[in-house]
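S.K.: How does the following fold in three dimensions:
(one chain, ligands or ions: 2)
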Amino acid sequence: MKTKTEKKTEPTIIIVFGGTGDLSKRKLIPAFYNLFLDGWMPDKLAIYGLGRSEMDNESFQIKLFDGLSEFSRSGVPEPESWEKFKKNLNYLPSNINDQKSYKELLNEIEELEEEWGQRANRLYYLSVAPKFIETVCRNLKSFKLVDDQNKDRIIIEKPFGYDKDSAISLNKMLQELFDEDQIFRIDHYLGKETVQNILAFRFANTLFEPLWNRNYIDYIQITVAEDVGIGDRGGYYEGAGALRDMIQNHLLQILCMIAMEPPVTFEAEEIRNRKVDVLKAIRRIPIEEVHNYAVRGQYASGWIKGKEVLGYRDENDTNRHSQTETFAAIKFYIDNWRWQDVPVYLRTGKRMQEKTSSINIQFRPVPHMTFPTSHSDNLTPNRLTINIQPHMDIKLRFMTKKTGLEMNLNSSEMIFNYDSCSTQSPEAYETLLLDAMLGDTTLFMRSDQVEEAWDVLSTIQQAWEKGGEDFPNYVAGSWGPEKAEALIARQGHFWTMDIKKNDKQK
Ligand SMILES: NC(=O)C1=CN([C@@H]2O[C@H](COP(=O)(O)OP(=O)(O)OC[C@H]3O[C@@H](n4cnc5c(N)ncnc54)[C@H](OP(=O)(O)O)[C@@H]3O)[C@@H](O)[C@H]2O)C=CC1
Ligand SMILES: O=C1O[C@H](COP(=O)(O)O)[C@@H](O)[C@H](O)[C@H]1O
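M.R.: Ligands and ions are numbered 1, 2, ... in the order given. Below you'll find the model as predicted:
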C-alpha cells in the first residue's frame with residue numbers, strides 16, 4: 001500500500017459548487033491553502049469557485065483572503081505564498097439550475113486542460129444545499145464533466161438525505177450516474193486527527209485490545225457538546241435537529257471506530273466493512289420504547305461564559321413553536337459477542353456549558369476490595385478518556401498509592417497530550433480533501449453505512465416527529481435537560497462532566 005507521499009497528487013481541477021458560501025470560506029479554501037503550503041498540491045492546479053453572485057476573479061480572491069486570515073490554522077497568509085496560491089483561484093458565475101452554466105464550466109475546464117496538454121483529475125465539491133445535489137449530478141453526467149474512465153470524483157456534503165428512504169434514493173441516483181469509488185460522502189469528524197487516532201490507539205497496541213470488551217468495560221460515553229447556538233443556519237437546522245445534524249453522522253461514526261472489530265488490513269473496504277458491522281449490530285429501539293432510551297431537548301435563553309444568549313426559538317425566528325431538538329442523548333446496545341449488554345451513551349447539544357467532545361470508556365470496578373474501606377475512599381474504576389476537541393489528549397485513569405506511611409489510595413492519570421507533538425495537526429478538511437484527491441475512500445462513508453446509520457435512528461425519528469415535548473427544556477449554558485441525567489443514572493452511571501463528587505467505585 002502506497003503512502004500519501006508516494007502517491008503525490010496528479011494535475012487537478014477542483015470545482016466548488018457553493019464557492020461563495022460559508023463552508024467554502026471557513027473550511028474548504030483554508031484546507032486547500034494549507035495543503036498548498038505543505039507541498040501536497042500538484043504543480044498543475046486550478047480551483048474554481050461557483051455561485052450566482054456577480055464578482056470577478058479578483059473580488060473572489062479578496063473574499064477568500066479574508067476567510068483565510070480569519071479561519072486558517074496558518075493565520076494571515078504570507079504575501080509571497082498568497083501570491084503563488086491565488087494564481088490558482090478562479091470564480092465562475094453560475095446557476096445550478098441553468099444548463100448554460102455547465103456548458104461554460106466544461107469549456108473552461110477543457111481550455112485549461114488543452115493549455116496543460118493533458119486531461120486533469122476533476123474534483124467536484126458539492127458545497128450546496130441538499131436539494132441541489134441531484135440537479136448538479138445529473139448535469140455533471142450529461143455534460144460529460146465527469147467521466148468514469150478518468151479519476152473524476154464528487155464530494156457530497158452532509159446531510160446525506162433526511163431519513164433512510166431519502167438516503168436510499170439519493171444513493172440510487174448517485175450510483176446510476178457514477179461508480180461508488182468516485183463518490184465521496186464526507187463526514188468531517190472522520191478527518192479529525194483525534195478521531196483517526198482511535199484506530200492507531202486500538203490496533204497498533206496490544207495493551208488495550210484484550211480489555212476492549214464486555215468483560216472489562218462497564219459502559220461507553222460519547223459526548224459532542226457545543227457552546228454555540230444555531231447562528232444564521234436556522235433555515236437548515238429547523239428541518240434537521242441534533243439527531244440528523246450530529247448523531248446520524250459524527251457520533252455514530254465515532255461509535256463505529258470505538259466498537260468495530262480489528263480490521264485485517266488498512267484497506268478502505270475492510271475498514272468500512274468492519275464499521276458497517278457495528279451499525280448492523282446496534283439494537284433497534286422499538287418505537288414504543290423510545291422514551292426509555294432517548295432524550296431530546298431545546299435550549300431556552302441563558303448565560304454562557306458571562307454572556308447572555310437567546311433561546312432557540314428567539315435565535316431562529318422561523319418557527320416560534322418549534323419542536324426541533326437542539327440536544328439529544330441516546331442509550332444504545334450493540335448486540336454482538338464483544339459488546340452484549342454494555343450501554344453506549346451518545347449525547348450532543350448546542351448552547352451547552354462548554355465546547356467539548358470526548359469519548360469515555362468506563363472500566364468495571366475491581367471485583368474484590370483488597371484494601372480496608374477506610375483506606376480506599378478514593379477508589380475509582382479505571383477510565384480511558386479520548387478528548388477529541390478542543391483539548392486533544394488521551395488520559396488513562398488508574399489507582400496508585402498516596403505517598404505517605406499509610407496505605408491510602410489515590411486516583412492518578414497517564415496523559416498523552418497532542419501539544420507535545422512536533423507537528424501541528426492538520427484540519428479535518430485537509431486530510432479529507434487530500435484523500436479525495438488521491439482517491440482514498442477509507443475515511444468517507446459508503447452508501448450502506450449511511451443507510452444503516454439512518455436505520456438505527458428511524459424509530460427515534462418517528463417517535464420525535466409526533467412532537468409533544470415541552471420545549472424549551474434546558475437553559476443555555478447547562479449540560480442539557482434533566483431527563484438526560486436520569487437516562488444514565490437509572491443504571492447507576494453518570495455523565496463524566498458531572499463526575500467530580502460521585503465518581504466512586506461501587
Ligand atoms: N457551513 C458549515 O459549517 C457546514 C455546512 N455543511 C453543508 O455544506 C453545504 C453548504 O453549506 P454552507 O456553505 O453553509 O451554505 P451557504 O448557504 O453559506 O452557501 C450556499 C452556496 O450555494 C450557492 N447557491 C445557492 N443557490 C444556488 C444556485 N441556484 N446556483 C448556484 N449556486 C447556488 C450559494 O451561492 P450564491 O449565493 O452566490 O448563489 C452559496 O455559495 C450544505 O449542504 C451544508 O449542510 C456541512 C457541515 C458544516
Ligand atoms: O456538521 C456539523 O458540525 C458542526 C460541529 O463541527 P466541529 O468540527 O466544530 O465540532 C456543527 O456545529 C454543525 O451544526 C454540524 O452541521
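S.K.: Residue 114: how many residues sit nearby?
M.R.: 10 (other CB atoms under 10 Å). To be clear about C-beta, it is placed using only N, CA and C from the backbone, and glycine gets the same treatment.
S.K.: and it, what pLDDT?
M.R.: Looking at residue 114, its pLDDT stands at 96.
S.K.: repeat for residue 505
M.R.: 47.
S.K.: Grab the nearest non-local neighbour of whichever residue of the stretch 201-350 of the chain sits closest to ligand 1.
M.R.: Taking CB to the nearest ligand atom as the measure, the point where the stretch 201-350 of the chain comes nearest ligand 1 is residue 236, at 5.7 Å. Sequence neighbours aside, residue 129 is the residue nearest to residue 236 in space, at 7.5 Å (criterion: CB to CB, 6 or more residues apart in numbering).
S.K.: thinking that neighbour is in contact with residue 239, fair?
M.R.: No. Using CB atoms under 8 Å, residue 129 is not in contact with residue 239, being 10.6 Å away.
S.K.: Now the residue of the chain positioned farthest from its centre: which helix or strand?
M.R.: Relative to the mean C-alpha coordinate of the chain, counting by CA atoms, centre = their mean, the farthest residue is residue 405 (49.1 Å). For residue 405, there is no host helix or strand (DSSP states H and E).
S.K.: That one and ligand 1, how far apart?
M.R.: 57 Å (CB to the nearest ligand atom, to the nearest Å).
S.K.: same check, this time on residue 156
M.R.: 9 Å.
S.K.: beta partners of that residue?
M.R.: When bridges are called by DSSP bridges, residue 156 pairs up with residue 126, residue 185.
S.K.: Tell me, how many residues neighbour it?
M.R.: Tallying neighbours of residue 156 according to other CB under 10 Å, which is how burial is gauged here, yields 24.
S.K.: Quick check, pLDDT for it.
M.R.: According to the model, residue 156 carries a pLDDT of 97.
S.K.: next one: residue 7
M.R.: With respect to pLDDT, residue 7 scores 68.
S.K.: Same check on residue 1?
M.R.: Per-residue confidence at residue 1 stands at 65 (pLDDT).
S.K.: do residue 376 as well
M.R.: In this prediction residue 376 is given a pLDDT of 64.
S.K.: Just say helix, strand or coil for the nearest residue to residue 347 once chain neighbours are set aside.
M.R.: With CB to CB, 6+ apart as the criterion, residue 347 has its nearest non-adjacent residue at 3.8 Å, and that residue is residue 329. Classification of residue 329 using DSSP: H, G, I helix; E, B strand; the rest coil returns strand.
S.K.: returning to that earlier point: would you agree the residue of the stretch 201-350 of the chain closest to ligand 1 falls within a strand?
M.R.: No. Residue 236 sits outside any strand when classified using three-state DSSP, being helix.
S.K.: burial measure for it, as a count.
M.R.: Tallying neighbours of residue 236 according to other CB under 10 Å, which is how burial is gauged here, yields 13.
S.K.: got the residue ranges for the helices in the stretch 251-400 of the chain?
M.R.: Secondary structure of the stretch 251-400 of the chain (DSSP state H, counting those that start in this stretch): helices at 252-259, 268-281, 290-293, 312-315.
S.K.: hey, which of those helices is tucked in deepest?
M.R.: When neighbours are counted by mean count of other CB atoms under 10 Å, the highest per-stretch mean among these falls to helix 252-259, a mean of 23.
S.K.: Can you check the distance spanned by stretch 291-311, start to finish?
M.R.: Its first and final residues considered, stretch 291-311 spans 24 Å by CA to CA, to the nearest Å.
S.K.: next one: it to chain centre, how far?
M.R.: Distance of stretch 291-311 from the chain centroid (CA atoms, centre = their mean, to the nearest Å) equals 21 Å.
S.K.: Same question for stretch 113-123.
M.R.: Its chain's C-alpha centre and that of stretch 113-123 lie 32 Å apart, by CA atoms, centre = their mean.
S.K.: what sits against the closest residue to residue 56 other than its chain neighbours?
M.R.: The shortest distance from residue 56 to any non-neighbouring residue, by CB to CB, 6+ apart, is to residue 91 (6.7 Å). The neighbourhood of residue 91, defined by CB atoms under 8 Å, 6 or more residues apart in numbering, consists of 19, 48, 49, 50, 51, 55, 56, 57, 59, 60.
S.K.: Looking at the helices of the stretch 251-400 of the chain, which is nearest to residue 462?
M.R.: Nearest to residue 462 among the helices of the stretch 251-400 of the chain is helix 290-293; the distance by CB to CB comes to 8.2 Å.
S.K.: which residues make contact with the closest one from outside it?
M.R.: Counting by CB under 8 Å, 6+ apart, helix 290-293 makes contact with 285, 330, 331, 332, 459, 460, 463, 464, 487, all of which sit outside it.
S.K.: The same query, at a cut-off of 7 Å, please.
M.R.: Residues lying outside helix 290-293 but in contact with it, judged by CB atoms under 7 Å, 6 or more residues apart in numbering, are 285, 330, 331, 459, 460, 463.
S.K.: same question, stretch 359-379
M.R.: Stretch 359-379 has contacts (CB under 7 Å, 6+ apart) with 216-222, 254, 258, 381-386, 399, 406-411, 496, 505-506.
S.K.: Give me the pLDDT for the residue nearest to the spatial centre of the chain.
M.R.: The residue lying closest to the centre of the chain (CA atoms, centre = their mean) is residue 189, at 2.6 Å. The predicted local distance difference test score for residue 189 is 97.
S.K.: was I right about it contacting residue 254?
M.R.: Yes. With contacts defined as CB atoms under 7 Å, residue 189 counts as touching residue 254 at a distance of 6.5 Å.
S.K.: tell me, what's touching the two both at once?
M.R.: Overlap between the neighbourhoods of residue 189 and residue 254 consists of residue 195, taking contacts as CB under 7 Å, 6+ apart.
S.K.: quick revisit: enumerate every residue touching the residue nearest to residue 347.
M.R.: Contacts for residue 329 were tallied using CB under 7 Å, 6+ apart; they are 295, 345, 346, 347, 480, 484, 487.
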